[in-house]
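1. only geometry, no sequence info:
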């Protein structure tokens, strides 16, 4: 597979693959902003799966090219979905699939199941608590301050780098316009925290995630994010998961 | 697909499929304890995917037959894995896969990613809090009482009907012998509660699940369980998930 973007997530994903984190997955190349159009085209041609970790603008441009070429793309910059009324618009009718990992949170498995049971009376709230620096909030700040409250779509448009988990949660459940997102800047916070609250007739779920940060991300990116991409790569090779355990006698097929 | 077992889960899964909960999934038959060997053989022959919800003994007998026939089986009675040193032993080298759903809990997506990041310093605890009746605990009980504490393997051998979520969590992460399971009988509990606590260098996760009960299960089975099976069926058709969002232009392929 190929990684698009040499930032914290892209770098960590590439590193984990080189270290053999995903048996059968072979890294072909890492595309950078300096890569030529020919290099991009060659990577799409050569890879079975691409991992986008280069930001919303690059995602907007490359996702349709990749899916039209019949290749799958794991999209980390899922703020891109906030720009489209229907998430399917972005695959542009191509044969390739877009895969959105849980990223810095989890529970997409149980939340998708609960949504399948019914969404009319369902509510989903996602709190993100980060250090002011990670949110680009400056000036004196002694106590936690709510810096945003709105829909997942609004959050993705306003905080594209901070809203990937909100978008993934929304796409898995009740959509970008119904998920409520609250972003809090807390000077006391060292590790980014996420709180996900679901309520519907089948159950009430309260999930709290406190993530160690990727040292290369300036406190912006959780280390778990790259591992969640590796998990999705492994799932694509297994034909199911993450969120389900696949027990199989088969050796992993090589994925380029 | 075919459902093995006409109890609460099997019945609810069959019902959800008849209601079209999983586009493309077509229910062929529901096998009961009264089904003949010929009917079982015919179902395995005709189905692409089978759902086992008939108890550990039936799972032990049928899983190898199904996987040897090259068919996939979603296993709800995952206590069966506690009887085998290696979960792979049960697929008996067949081409079919065993799929273990999250069941009454969730977060297998983030937990599997965290486990991929490293398990040496990882710890996972699963609390199940149920009514005494649901646990088969009788006699006067005024306050919550811990009725079991041990490994997921021990829990599955002692409480096979109550430990499916513990086994799924264990198989997704650090294995049956390292996951600590605590079962509590609480006379105040109306909805079964699960608490999952993970700690490792990448993060600390605290997930609380409070599930409405399936009315046909005598307070033993959470309604979400059948929906999590439907979610896995949908994931198998999509080729990934349920812990990842798959956005695709393709219409669902029919799965029998």
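-> Arrived safely. Quantities reported herein were computed from a predicted structural model and do not represent experimental measurements. Residues are numbered from 1 along each chain as shown, chains lettered A, B, ... in the order given.

2. wait, doesn't residue A:224 sit right on residue B:202?
-> Yes - Residue A:224 is within contact range of residue B:202, at 4.9 Å (criterion: CB atoms under 8 Å). C-beta coordinates here come from the backbone N, C-alpha and C atoms, glycine included.

3. those two - which one has more neighbours?
-> residue A:224 (29 against 26; other CB atoms under 10 Å in any protein chain shown).

4. now that one: how far from residue A:81?
-> For residue A:224, the distance to residue A:81 equals 21 Å [CB to CB, to the nearest Å].

5. again with residue A:217
-> 22 Å.

6. who has more neighbours, the two?
-> Neighbour comparison, residue A:217 and residue A:81: the larger count goes to residue A:81, with 29 against 19 (by other CB under 10 Å).

7. how near is the more buried one to residue A:148?
-> Taking CB to CB as the measure, residue A:81 falls 18 Å from residue A:148.

8. so what sits against both of residue A:224 and residue B:202?
-> Residues touching both residue A:224 and residue B:202 (CB atoms under 8 Å, 6 or more residues apart in numbering or on different chains): A:211-212, B:114, B:117.

9. closest to residue B:96 among these?
-> Set against residue B:96, the nearest of the shared contacts of residue A:224 and residue B:202 by CB to CB is residue B:114 (28.6 Å).

10. what number of residues lie near that closest one?
-> 32.

11. mind checking pLDDT for it?
-> pLDDT for residue B:114: 98.

12. surely it touches residue B:196?
-> No - using CB under 8 Å as the test, residue B:114 is too far from residue B:196 to be in contact (11.7 Å).

13. overlap in contacts, these two.
-> The contact sets of residue B:114 and residue B:196 overlap at residue B:205 (CB under 8 Å, 6+ apart).

14. can you name every helix or strand that the least confident helix or strand in chain A by mean pLDDT contacts?
-> Every helix and strand in chain A was compared by mean pLDDT, DSSP states H and E; the lowest is helix A:132-135, with a mean of 86. Judged by 3 or more CB pairs under 8 Å, 6 or more residues apart in numbering or on different chains; DSSP states H and E, helix A:132-135 is in contact with strand A:180-185.

15. touching chain B at all, the helix or strand that the strand it packs on is followed by?
-> Downstream of strand A:180-185, the next assigned helix or strand under DSSP states H and E is strand A:192-200. No - Strand A:192-200 stays out of contact with chain B when judged by CB under 8 Å from any CB of the partner chain, the minimum separation being 8.8 Å.

16. now the angle from strand A:192-200 to strand A:180-185?
-> Angle, strand A:192-200 to strand A:180-185, by axes from the mean of the first three to the mean of the last three CA atoms, to 10 degrees: 160 degrees.

17. how far does strand A:192-200 sit from the chain's center?
-> Centre-to-centre, strand A:192-200 and its host chain are 16 Å apart (CA atoms, centre = their mean, to the nearest Å).

18. ditto for stretch A:89-96
-> In this view, stretch A:89-96 has its centroid 18 Å away from the chain centroid, taken as CA atoms, centre = their mean.

19. and it, what's buried?
-> A:90-91, A:94, A:96 (16 or more other CB atoms under 10 Å in any protein chain shown).

20. now, which of those residues lie close to chain B?
-> Among the buried residues of stretch A:89-96, chain B is touched by A:90-91, A:94 when using CB under 8 Å from any CB.

21. and those, which is closest to chain B?
-> In terms of CB to the nearest CB, no member of those lies closer to chain B than residue A:91, at 5.0 Å.

22. surely residue A:236 is in contact with residue A:255?
-> Yes - using CB under 8 Å, residue A:236 is in contact with residue A:255, at 6.9 Å.

23. give me the more crowded residue out of these two.
-> residue A:236 (24 against 19).

24. residues in contact with the more buried one?
-> Counting by CB under 8 Å, 6+ apart, residue A:236 makes contact with A:49, A:72, A:99, A:255, B:239-240.

25. could these go into CSV alongside pLDDT and secondary structure?
-> As requested, the contacts of residue A:236 are exported to CSV (pLDDT from 0 to 100; DSSP: H, G, I helix; E, B strand; the rest coil):
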residue, pLDDT, secondary structure
A:49, 96, strand
A:72, 96, strand
A:99, 96, strand
A:255, 82, strand
B:239, 91, coil
B:240, 93, coil
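
26. need these in JSON lines (columns: distance to residue A:190).
-> JSON lines is the format used below for the contacts of residue A:236 (distance: CB to CB, whole Å):
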{"residue": "A:49", "distance to residue A:190": "34"}
{"residue": "A:72", "distance to residue A:190": "36"}
{"residue": "A:99", "distance to residue A:190": "31"}
{"residue": "A:255", "distance to residue A:190": "36"}
{"residue": "B:239", "distance to residue A:190": "39"}
{"residue": "B:240", "distance to residue A:190": "34"}
